[in-house]
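Q: fold the following for me, if possible:
(chains A, B and C)
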Amino acid sequence: MACCAAAAGAADRFITVASTTSTEQSGLFGHLLPVFEKASGIKLRVVALGTGQALDMARRGDADVVFVHDPAAEEKFVAEGFGLKRQEVMYNDFILVGPQADPAKAAGNDILEGLRRIAASKSPFVSRGDKSGTHAAELRYWKSAGVDLATTKGPWYRDTGSGMGPALNTAASMNAYLLADRGSWLAFKNRGALGILVEGDKALFNQYGAILVNPARHAHVKQADGQAFIDWIVSPTGQQVIAAYRIGGEQLFFPNAK
Amino acid sequence: MSEIAQSLALAGELVAAGDAKLAAIVWLSLKVSLGATALACVLGMPLGALLAVGRFPGRRSLIVLFNGLMGLPPVVVGLLVYLLLSRAGPLGSFGLLFTPTAMIIAQTVLITPIIAALTRQVIEDEWREYREQLRSLGASRARAGRTLLWNARFSLTTAGLAGFGRAVAEVGAVMIVGGNIDGVTRVMTTTIALETSKGDLPLALALGAILVAVVLVINAGAFILRQWAERRWG
Amino acid sequence: MHWLELQGLGLTEGATRILSDIDLKVGAGRTALLGPNGAGKSTLLRLMHGLLRPSVGRIDWPQPLTQAMVFQRPVMLRTSVLANIEYGLALRGVPAGVRRRKAQEALARVGLPELAQRQARKLSGGEQQRVALARAWALEPEVLFLDEPTASLDPASSREVERIIGEIAAGGARIVMTTHNLGQAHRIAEEVIYIEGGRLMEQTATDAFFIQPRTAAAQAFIRAESF
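A: Numbers count the residues shown, from 1 in each chain, chains lettered A, B, ... in the order given. Got it, this is the predicted structure:
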């Protein structure tokens, strides 16, 4: 069996990238992959999970590179010795989507105030609940807003434990509020009566980072090819490819590698 | 209702357009599920025959166990196989995770109990009819089991089709062990899940219609083949 | 000299006593097992052949003899007539070429050589039963057990089956047959074993049995069956 797996690998050069559902669903990889493959001859096999799951997968050695958006969790990952170095790649922003009728009067450009109003009015709110980057951000905002979820949680707070797409579907059918990333929202087709209610708050900044899985921890990690991908994506060429990705004329991700 | 009509029209367009990506996804679904079915038959049918004609301690508990395993949730099977094949797991060094091979393994684990349980039922019925005659002729239980497996070959195709149906329709196992990687491990069911996530419900429904059509064609083919074979070889 | 002895044989299933206190020495070349429905004839036949194990008592073969059995309903595999006959031979380890030849000979002896490649389960009841006889005959058994072999057949097929049984017996095989058909028993058997209620009632030469059975039970039976 080992020879069959090796033979299949010899036919294409590839690396396994653990990334997030929101990045996958925005369509970025569909746009990025062909360009990178053409330039390097290396194929990207992207497995899309929540950030938490993606990092766990990398801890088990099942990926060569992680590409997620939760700086705190990423730093922890590197500190624990599972990753070599965290490099910033691009950012986009989170948005609060919700029913256009806006019963909680959350609209505006202050996310914390918006969340406070939602909690106060007990309007339906859908949470990712899946240890994803988006979920981690959501929890940070509730905390900063001074809302203690443990005490104020009620039937209005729907913890779905699902990826970005399914959460959006759920929010659309329940006419609920939801924290999403702009990329997934722009690519999402089943919006129902939802619209963007809060955007532009500096706090909604969402940073993406790439990390090579530590070969010292997992000897089989494809260090050279994995590093080649990271080098490319922070290079001016790669950064330009990221910036060029648009949906309906709108740019989704903003390169900011140092 | 109009959504369904819209999706069926879309399905027709997709098939007529002969989209290469769609063809590849359908082909992979068939490869994985037919492969798993073949493997599960090789493992499950002799097991089912053994359970039907054998006599050994714990036989009845095993029968109950396999009947119960028919209801194994695909996502649980996926998780177990993932843990086995993960680099951190016992079989990690084979590097099988996120490959079609892993998907075949997971689906084989999923449907072997179904095929074994259905085979046991079929062979048990055969055994009731043939038992005295075969024993009179001097057949050992093992020999009788083999003879009855061949003898019941037409009824056993139903067991095979049941296994195939379960495999090709599941998404939980192949999603976890395959990773739904575009161009590598993306099959019909994971594509439908993905398009649903992206909110493209008409496309998801259209793909669903295509999947159902493919399964129907295969079942029809198997039916016709069986009728013909039964007429020729009784 | 008897070739099969049953000592104190009994069979109980759950709470039901199916057979009890069977003491029997079988020495005739052709034996008929007679008795009313539910008497235990078929059970006794199966015990003799080894398909059932007794609850008490012993079955003793002074000399081991090869056996075969034909059942009331012919049980054919889903394959050709010839393959069905060859199956028994294959179980005995007979090599392929020899198997085919012996099977064809047996099929010819029962008068159905043209049916060799036909699907066995598609034949008529009478034809299938003759194939079952051919299958048993091909094994060259020293004892042939038959359980009501013509009960499901029309008169013409029954006569043909009786003829074949006669030929098998003429070839030297010992016959033990259960039957409901008194005329058949009279035609085929040398000796009658009469069973009622799971007990052995009498063991008598055929002619004597039909002229004047020794037991009242047997007398009642013959009178009833003759109507």
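
Q: A:Gly195 should be in a strand, yeah?
A: Yes. With DSSP: H, G, I helix; E, B strand; the rest coil as the criterion, A:Gly195 is part of a strand.

Q: give me the number of residues near it?
A: A:Gly195 has 15 neighbouring residues, counting by other Cβ atoms under 10 Å in any protein chain shown. Every C-beta, even on glycine, is put in place using the N, C-alpha and C of the backbone.

Q: residues in contact with it?
A: Contact analysis of A:Gly195 by Cβ atoms under 8 Å, 6 or more residues apart in numbering or on different chains lists A:Val97, A:Gly98, A:Pro99, A:Gln100.

Q: top of these by neighbour count?
A: The residue in the contacts of A:Gly195 with the most neighbours, by other Cβ under 10 Å, is A:Gly98 (29 neighbours).

Q: what's the closest of the contacts of A:Gly195 to C:Met48?
A: Proximity of the contacts of A:Gly195 to C:Met48 (Cβ to Cβ) peaks at A:Val97, which lies at 84.6 Å.

Q: so how far is B:Glu230 from the nearest residue to B:Gly178 once chain neighbours are set aside?
A: Excluding its sequence neighbours, the residue lying closest to B:Gly178 (Cβ to Cβ, 6 or more residues apart in numbering or on different chains) is B:Thr185, at 3.5 Å. Distance, B:Thr185 to B:Glu230, by Cβ to Cβ, to the nearest Å: 38 Å.

Q: okay, those two: which has more neighbours?
A: Under the neighbour definition other Cβ under 10 Å, B:Thr185 and B:Glu230 were set side by side, and B:Thr185 has more, 24 against 13.

Q: just checking, the residue nearest to B:Gly178 touches B:Met175?
A: No. Taking contacts as Cβ atoms under 8 Å, B:Thr185 lies outside contact range of B:Met175: 9.1 Å.

Q: outside of stretch A:244-258, which residues touch it?
A: Here stretch A:244-258 makes contact (Cβ under 8 Å, 6+ apart) with A:26-28, A:31-32, A:87-92, A:182-183, A:186-187, A:207-208, A:233-234, A:238-240, A:242-243.

Q: please narrow those residues to those residing in strands.
A: Counted as lying in strands by DSSP state E, out of these, are A:Gln87, A:Glu88, A:Val89, A:Met90, A:Tyr91, A:Asn92, A:Gln207, A:Tyr208.

Q: quick check: closest non-adjacent residue to the second one.
A: The shortest distance from A:Glu88 to any residue other than its chain neighbours is 5.4 Å, reached at A:Gly209 (Cβ to Cβ, 6+ apart).

Q: I'd like the next helix or strand past the longest helix anywhere in chain B.
A: Longest among the helix segments of chain B by residue count, using DSSP state H, is helix B:100-137. Next helix or strand after helix B:100-137 toward the C-terminus (DSSP states H and E): helix B:141-151.

Q: tell me which residues of that following helix are tucked away?
A: B:Arg141, B:Arg143, B:Ala144, B:Gly145, B:Thr147, B:Leu148, B:Leu149, B:Asn151 (16 or more other Cβ atoms under 10 Å in any protein chain shown).

Q: kindly export it (C-alpha atoms) in PDB.
A: Taking C-alpha atoms only, helix B:141-151 is exported to PDB below (Å, rounded to 0.1, in the frame of the first residue of the first chain):
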ATOM      1  CA  ARG B 141     -20.600 -26.700   6.500                       C
ATOM      2  CA  ALA B 142     -17.800 -24.800   4.800                       C
ATOM      3  CA  ARG B 143     -18.500 -26.500   1.500                       C
ATOM      4  CA  ALA B 144     -22.200 -26.000   1.900                       C
ATOM      5  CA  GLY B 145     -21.600 -22.300   2.500                       C
ATOM      6  CA  ARG B 146     -19.600 -21.900  -0.700                       C
ATOM      7  CA  THR B 147     -22.200 -23.900  -2.700                       C
ATOM      8  CA  LEU B 148     -25.100 -21.800  -1.400                       C
ATOM      9  CA  LEU B 149     -23.300 -18.500  -2.000                       C
ATOM     10  CA  TRP B 150     -23.000 -19.500  -5.700                       C
ATOM     11  CA  ASN B 151     -26.500 -20.900  -5.700                       C
END
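
Q: and the ones in strands among the contacts of stretch A:244-258, which two are furthest apart?
A: Maximum distance among the ones in strands among the contacts of stretch A:244-258 (Cβ to Cβ): 16.8 Å, for A:Gln87 and A:Asn92.

Q: looks like C:Val131 contacts C:Leu123 (just checking).
A: Yes. Using Cβ under 8 Å, C:Val131 is in contact with C:Leu123, at 6.9 Å.

Q: what sits in contact with each of those two?
A: By Cβ under 8 Å, 6+ apart, C:Val131 and C:Leu123 have these common neighbours: C:Met76, C:Val81, C:Leu115.

Q: list the buried ones in stretch C:219-227?
A: In stretch C:219-227, counting by 16+ other Cβ under 10 Å, buried: C:Phe221, C:Ile222.

Q: got the residues of chain B near chain A?
A: Within chain B, the positions near chain A by Cβ under 8 Å from any Cβ of the partner chain are B:86-89, B:92-99, B:101, B:179-182, B:184, B:194, B:196-201.

Q: so A:Asp62 sits against B:Leu83, correct?
A: No. Applying Cβ under 8 Å, one finds A:Asp62 not in contact with B:Leu83, separated by 10.7 Å.

Q: more crowded one of these two?
A: Neighbours were counted for A:Asp62 and for B:Leu83 using other Cβ under 10 Å; A:Asp62 has more, 25 against 16.

Q: ok, now which ones touch the more buried one?
A: Taking Cβ under 8 Å, 6+ apart, we find A:Asp62 in contact with A:Thr16, A:Ala18, A:Val47, B:Ser86, B:Arg87, B:Ala88, B:Leu97, B:Phe98.

Q: pick out whichever of A:Gln87 and A:Asn92 has more residues nearby.
A: A:Asn92 (24 against 17).

Q: among C:Val131 and C:Leu123, which residue is more densely surrounded?
A: Applying other Cβ under 10 Å to C:Val131 and C:Leu123 shows that C:Val131 carries more neighbours, namely 25 against 18.
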